[in-house]
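In: pasting the structure only:
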Ligand code: SF4
Ligand code: SF4
């Protein structure tokens, strides 16, 4: 087991004021009540004197937005042939388990492919992820359906679990251990009773989430690849695409979606290559220079989105490219619910047997 420490809330405040001198610290802030009467949380760079907020569930923005920006400058040419690199040291506080699990997809694409994305690598190296247990969930959350627990077990540098008047702090990496060593006066080794308290809180939340998800009868992680392959010709794709307005919101907000477009941009005498987030739901997503487009219809594009997430990524990475964060459900103006699409495929396939 990783090492676990305890820090009191007021000590955490002091620690964060210190950290802000060396790092750009981002923390979720409440955005006000939404349709579920629960606040949304949005990341903000903390200013002098501001304290981090412990968010009960994931923020509006996906974790990927710290590593690939909606628009990045990939290169300036012919003046310079190196990408513009930023060396800001960043701490992201309040990351949740779904985002950490889903981020494996981003790492796979940008670090383990045929080429390493140097800007992504640099930002990854310069970022410390301080995650936190979920203490609540949104209606759209369905991490457990993909076997992702509402508290992270790996992939974090430090993980915070609220307990009484403080937090249990679990070390998940060398970077995390380094922070603890540097600021050891704030931390004490956790007691067995405190770790037992964390276990109870975690189990209670898992039980609540199970009770929330059970009536939804969601498809399971093990069956999803078969559903995609057998359901290729179902009318599900035509049926659900009817309300799609091709805004791309589902892809852009998704923590696992990673497609980008390289474009040229001229600014004064400088020619830039910019890299922008792309969406497989856009009509021109697969259009090539000669005009051919293998994903001409919205039906094909919606199916492609699901095939990539639930078939191709299971082959490539051994996991679906979905972490159950539910962001795509909240953002879609066409009210296309990823859970319902999968359930429709499962229902139609079982009816045809
Ligand atoms: S968010 Fe909804 S309407 Fe927009 S592209 Fe995605 S599926 Fe279509
Ligand atoms: S597909 Fe939807 S639920 Fe799954 S990770 Fe992306 S935004 Fe979250």
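Out: Everything's here; your move. Predicted, not measured: the structure shown is a model, and the values here were computed from it. Residues are numbered from 1 along each chain as shown. Ligands and ions are numbered 1, 2, ... in the order given.
In: for the closest residue to residue 317 other than its chain neighbours, what are phi and psi?
Out: Spatial nearest neighbour of residue 317, excluding adjacent residues (CB to CB, 6 or more residues apart in numbering): residue 108 at 5.3 Å. Any C-beta I mention is one placed from the backbone N, CA and C, and that applies to glycine too. Dihedral angles of residue 108 (phi, psi; degrees, to the nearest 10) stand at phi -60, psi -50.
In: shouldn't residue 108 be in contact with residue 316?
Out: Yes: applying CB atoms under 8 Å, one finds residue 108 in contact with residue 316, separated by 7.3 Å.
In: between these two, which one's more packed in?
Out: residue 108 (17 against 14; other CB atoms under 10 Å).
In: residues from this protein in reach of ligand 2?
Out: Contacts of the chain with ligand 2, taken as CB under 6 Å from any ligand atom, map to 102, 253-256, 322-328, 338.
In: can you give me the strands in the stretch 101-250 of the chain?
Out: 127-132, 158-163, 166-171, 188-189 (DSSP state E, counting those that start in this stretch).
In: and for the closest residue to residue 8 other than its chain neighbours, the neighbour number?
Out: Distances taken as CB to CB, 6+ apart place residue 166 nearest to residue 8, at 4.2 Å, with adjacent residues excluded. Residues contacting residue 166 under the criterion other CB under 10 Å number 19.
In: equivalent analysis for residue 156, please.
Out: So residue 156, with other CB under 10 Å, has 24 neighbours.
In: gap between it and residue 321?
Out: Residue 156 sits 20 Å away from residue 321, going by CB to CB, to the nearest Å.
In: grab the longest strand from the protein for me.
Out: Ranked by residue count, the top strand of the chain under DSSP state E comes out as strand 24-33.
In: now the strands of the stretch 101-250 of the chain in a markdown table, with distance to residue 281 and mean pLDDT?
Out: Shown next, in a markdown table, are the strands of the stretch 101-250 of the chain (distance: least, CB to CB, whole Å; pLDDT from 0 to 100):
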| stretch | distance to residue 281 | mean pLDDT |
| --- | --- | --- |
| strand 127-132 | 29 | 98 |
| strand 158-163 | 34 | 97 |
| strand 166-171 | 38 | 98 |
| strand 188-189 | 50 | 97 |
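In: need the ones you listed in a markdown table (columns: distance to ligand 1).
Out: Shown next, in a markdown table, are these (distance: least, CB to the nearest ligand atom, whole Å):
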| stretch | distance to ligand 1 |
| --- | --- |
| strand 127-132 | 27 |
| strand 158-163 | 31 |
| strand 166-171 | 35 |
| strand 188-189 | 47 |
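In: how about TSV for these, with distance to residue 223 added?
Out: Output for the strands of the stretch 101-250 of the chain, formatted as TSV (distance: least, CB to CB, whole Å):
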stretch	distance to residue 223
strand 127-132	29
strand 158-163	31
strand 166-171	33
strand 188-189	43
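In: so which of those is nearest residue 272?
Out: strand 127-132 (24.5 Å; CB to CB).
In: check which residues of that closest one are buried.
Out: 127-132 (16 or more other CB atoms under 10 Å).
In: can you say which two of the residues you listed are spatially most distant?
Out: Farthest-apart pair in the buried residues of strand 127-132 is 127 and 132; separation 15.9 Å (CB to CB).
In: and the closest residue to residue 232 other than its chain neighbours, what are its phi and psi?
Out: With CB to CB, 6+ apart as the criterion, residue 232 has its nearest non-adjacent residue at 7.2 Å, and that residue is residue 303. Residue 303 has phi and psi values of phi -60, psi -40 when expressed as degrees, to the nearest 10.
In: do residue 262 as well
Out: According to degrees, to the nearest 10, the main-chain angles of residue 262 amount to phi -100, psi 130.
In: partner residues bridging it?
Out: Under the criterion DSSP bridges, residue 262 forms beta bridges with residue 275.
In: in this structure it contacts residue 73, no?
Out: No: with contact defined as CB under 8 Å, residue 262 does not reach residue 73; the gap is 10.9 Å.
In: and the spatially closest residue to residue 87 that is not a sequence neighbour, how many neighbours does it have?
Out: Of all residues not flanking residue 87 in the chain, residue 126 sits nearest, at 6.4 Å (CB to CB, 6+ apart). By other CB under 10 Å, the residues close to residue 126 number 16.
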